[in-house]
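**Q** Pasted the sequence and its predicted model underneath.
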Number of protein chains: 2
Amino acid sequence: MLTPAEDAEAALLLEAGTQKPGNVGPARDFDDTTFHQFLVGGVGARRGFEVAPEATVGEVFVESVRGSSAHRGGNTQFGALLLLAPLVVAAARGDVEEAPEVAEETTPEDAAMFYEAFDYVDVHVGDADTEYDVRDPEAREKVVEDDVSLYDVMKESASRDGVADEWTSGFGRTLHAASRLEMRRGGTRNAVRDTYVDLLKEEPDTLVEERRGREEARKVMEWARELPPDELDERLGEREINPGTTADIVAGAVFVALRRGWKV
Amino acid sequence: MLTPAEDAEAALLLEAGTQKPGNVGPARDFDDTTFHQFLVGGVGARRGFEVAPEATVGEVFVESVRGSSAHRGGNTQFGALLLLAPLVVAAARGDVEEAPEVAEETTPEDAAMFYEAFDYVDVHVGDADTEYDVRDPEAREKVVEDDVSLYDVMKESASRDGVADEWTSGFGRTLHAASRLEMRRGGTRNAVRDTYVDLLKEEPDTLVEERRGREEARKVMEWARELPPDELDERLGEREINPGTTADIVAGAVFVALRRGWKV
């Protein structure tokens, strides 16, 4: 039986270690970020997970982001770590299914640590019409002054970020994807990939939406419905379309499944 | 900067995460053991590495083997962990290059733990003409009674096992492969694969020798010299020839390179 920290790291690796259409993976490196850097990022992130039993969501998040930057590539796991932080804290306290409550109970100090995490990794940030911008070095003080919790920050961006949406809507897609994953037969590799493709079919990926526009994100959804996974991977790969938010949700789902006893 | 324990886990993952001709990897699962199980095995093994600063080689080894069995597949990392144990202990004490001395200083208690490790994983064992057989449940008491150290046990099997040979000959191939790895350009993926192929060219793999005979092992060496890596992978894959000992040495080499500051 693995600990919550070990399972969280395993979730990152099993997600990264599955070739999911469009993503960096066993069969694809990006120019700035490689599959091997995802492996090292997963190893480093565990530092944050290890402190979970005595730490807040913000502390777990910022420590895991720092750890995950132990390679020369770009951002590997930022979104997945943001999704995992409340799940890992809930699991370390005894029940992963309590993540929605853990998220709601975050504080302005957690929010300040969220902003601090951007110091450690080069995350793509879109134009956001918000009072607390991650590019504003004073944002971390402002959230504390204004008594804005990390949950509030997530609420603010839920409409344009699929991970923030999970945070503020009970982790519904994550928990449901975990259930589907647990029921799949045919080996871990296919189970993880197919769970990802199912998620792609259901909702536009918000990272694709953010980088390539709404129409492209809807096209990806249609392709996911029409094409077999290998062709979908080729289609997205040649167009350099990376549905990264959907991959983050898969990492969360793998973690939940592992905590529920799913075996690899 | 990663700790020795983190680097040791990273070494297992970077080795497993590189498609090396004939091995389980990103592009190949075996029927009984999959790539994803290697990832989980790497995560679990870190428990053993974490105790290194205060533990003996035998303790590190047995704990890492126990941890690495946290999946439903067969043996994933036994040989690599045997090679890594003295390297990790040396690194945790301050200098990975001291591994030869650490190996020499092992005790009969370390030997007993080596025999205990076979309880936790189904390792393929050949016919061995030795007084201390791993299939003999009393071997672990016998080595203590007879004052036989783990180094002595390794010496006994050095002629037929490449990892034991490393243990008792100063880790020469491992340290040298690390140096070559550090000098390679062209990305981690190719660097790890090419280091493996170079080792294959130089000496017959002892796991292949053990399972398929000396002639087959020499053929693999010749093919490694003649064929490009992709074709070599295909050739070995279709014949189900798995040069596992050479892969173990690569894991050790990656660890040494990481401790020397090699960046992914």
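**A** Perfect, I can see it now. Note that the coordinates shown come from a computational prediction; the quantities given were computed from them, not determined experimentally.
**Q** low pLDDT regions in chain A?
**A** Applying pLDDT under 70 to chain A picks out residues A:127-129.
**Q** Around chain B, pick out the residues from it.
**A** Residues of chain A lying near chain B by Cβ under 8 Å from any Cβ of the partner chain: A:1-2, A:6, A:9-10, A:13-14, A:17-19, A:25-27, A:29, A:34-37, A:39-40, A:42-44, A:46-47, A:70-72, A:187-189, A:192, A:263-264. Using the backbone N, CA and C atoms, a C-beta is placed for each residue, glycine as well.
**Q** again, only this time at 7 Å
**A** A:2, A:6, A:9-10, A:13-14, A:17, A:26-27, A:29, A:34-37, A:39-40, A:43-44, A:70-72, A:187-189, A:263-264 (Cβ under 7 Å from any Cβ of the partner chain).
**Q** Out of the residues you listed, which end up buried?
**A** A:2, A:6, A:9-10, A:13-14, A:17, A:26, A:29, A:34-37, A:39-40, A:43-44, A:70-71, A:188-189, A:264 (16 or more other Cβ atoms under 10 Å in any protein chain shown).
**Q** which ones are touching residue A:199?
**A** Residue A:199 is in contact with A:173, A:177, A:246, A:249, A:250, counting by Cβ atoms under 7 Å, 6 or more residues apart in numbering or on different chains.
**Q** How about residue A:72?
**A** B:263, B:264.
**Q** quick one: it is in a strand?
**A** No. Under DSSP: H, G, I helix; E, B strand; the rest coil, residue A:72 falls outside any strand and is assigned coil.
**Q** Tell me both backbone torsions, phi and psi, for it.
**A** Here is the backbone geometry of residue A:72 (degrees, to the nearest 10): phi -90, psi 0.
**Q** Torsion angles phi and psi at the residue in the stretch 51-200 of chain A that chain B sits nearest to?
**A** Going by Cβ to the nearest Cβ, chain B is nearest to residue A:188 of the stretch 51-200 of chain A, at 4.2 Å. Main-chain dihedrals, residue A:188, degrees, to the nearest 10: phi -60, psi -40.
**Q** Identify the residue spatially nearest to it, adjacent ones excluded.
**A** residue B:36 (4.2 Å; Cβ to Cβ, 6 or more residues apart in numbering or on different chains).
**Q** same for the helix or strand harbouring residue A:43, what does it pack against?
**A** Secondary structure assignment for residue A:43, by DSSP states H and E: helix A:35-50. Where contact means 3 or more Cβ pairs under 7 Å, 6 or more residues apart in numbering or on different chains; DSSP states H and E, helix A:35-50 is packed against helix A:4-16, helix A:57-68, helix B:4-16.
**Q** And for that helix, what's in contact with it?
**A** Against helix A:35-50 from outside (Cβ under 7 Å, 6+ apart): A:4-5, A:8-9, A:12-13, A:16, A:24-26, A:29, A:60-61, A:63-64, A:67-71, A:73, A:76-77, A:81, A:88, B:2, B:6, B:9-10, B:13-14, B:17, B:188-189, B:264.
**Q** sorry, back to before: make CSV from the contacts of residue A:199 and add neighbour count to it.
**A** Written out in CSV, the entries for these read as follows (neighbours: other Cβ atoms under 10 Å in any protein chain shown):
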residue, neighbour count
A:173, 19
A:177, 24
A:246, 32
A:249, 29
A:250, 31
